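Engineer: how would this look folded up:
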Amino acid sequence: MQADRTGNRRSPDELWAGLIAEIAAMPDVVANLLREHQPDEAGYCRGTGCGTAGRGVPTRRWPCSLHALASAADATLRAGSTPPGP
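Structural biologist: This next block holds a predicted model:
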């Protein structure tokens, strides 16, 4: 794999797994993200900043990326497994 301009040689999947591991290490953060990032009546995220131009993607339907990240971390925690490492 070729490095990007920052010298990173990890794939997007490896980077995502690293984020999951970081978030899974903070169960209270996982719970807060899952609670706050829920869909509204129109199917958009109610989370702070989601759907706000400049802070989120106002045209992107739920689940937002933060909910997806928290869901993956929650699944890791529920499985009782060690979060995947970078």
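Engineer: just for the protein, where's the confidence low?
Structural biologist: 1-5, 8, 51-58, 81-86 (pLDDT under 70).
Engineer: all helices of it, in order?
Structural biologist: 12-24, 27-36, 65-79 (DSSP state H).
Engineer: quick check: angle from the longest one to helix 27-36?
Structural biologist: Orientation check (axes from the mean of the first three to the mean of the last three C-alpha atoms, to 10 degrees): helix 65-79 against helix 27-36 gives 130 degrees.
Engineer: buried ones in helix 65-79?
Structural biologist: Neighbour-count burial for helix 65-79 flags Leu66, His67, Leu69, Ala70, Ser71, Ala72, Ala73, Asp74, Thr76, Leu77 (criterion: 16 or more other C-beta atoms under 10 Å). For glycine as for every other residue, the C-beta is placed from the backbone atoms N, C-alpha and C.
Engineer: what is the nearest of those residues to Glu14?
Structural biologist: Ala72 (13.8 Å; C-beta to C-beta).
Engineer: for the most centrally placed residue in the chain, what are its contacts?
Structural biologist: For the chain, the residue whose C-alpha lies nearest the mean C-alpha position (C-alpha atoms, centre = their mean) is Leu69; its distance is 2.2 Å. With contact set as C-beta atoms under 8 Å, 6 or more residues apart in numbering, Leu69 has these partners: Trp16, Leu19, Ile20, Ile23, Leu33.
Engineer: tell me the contacts of the closest residue to the fourth one other than its chain neighbours?
Structural biologist: Think Ile23. Nearest non-adjacent residue to Ile23, counting by C-beta to C-beta, 6 or more residues apart in numbering: Ala73, 4.1 Å away. For Ala73, the contacting residues are Ile20, Ile23, Ala24, Val30, Pro83, by C-beta under 8 Å, 6+ apart.
Engineer: and Thr6, how far is that from Leu15?
Structural biologist: From Thr6 across to Leu15, the span is 12 Å (C-beta to C-beta, to the nearest Å).
Engineer: how near is the residue nearest to the centre of the chain to Leu33?
Structural biologist: According to C-beta to C-beta, Leu69 stands 7 Å off from Leu33.
Engineer: joint contacts of those two?
Structural biologist: In contact with both Leu69 and Leu33: Ile23, using C-beta under 8 Å, 6+ apart.
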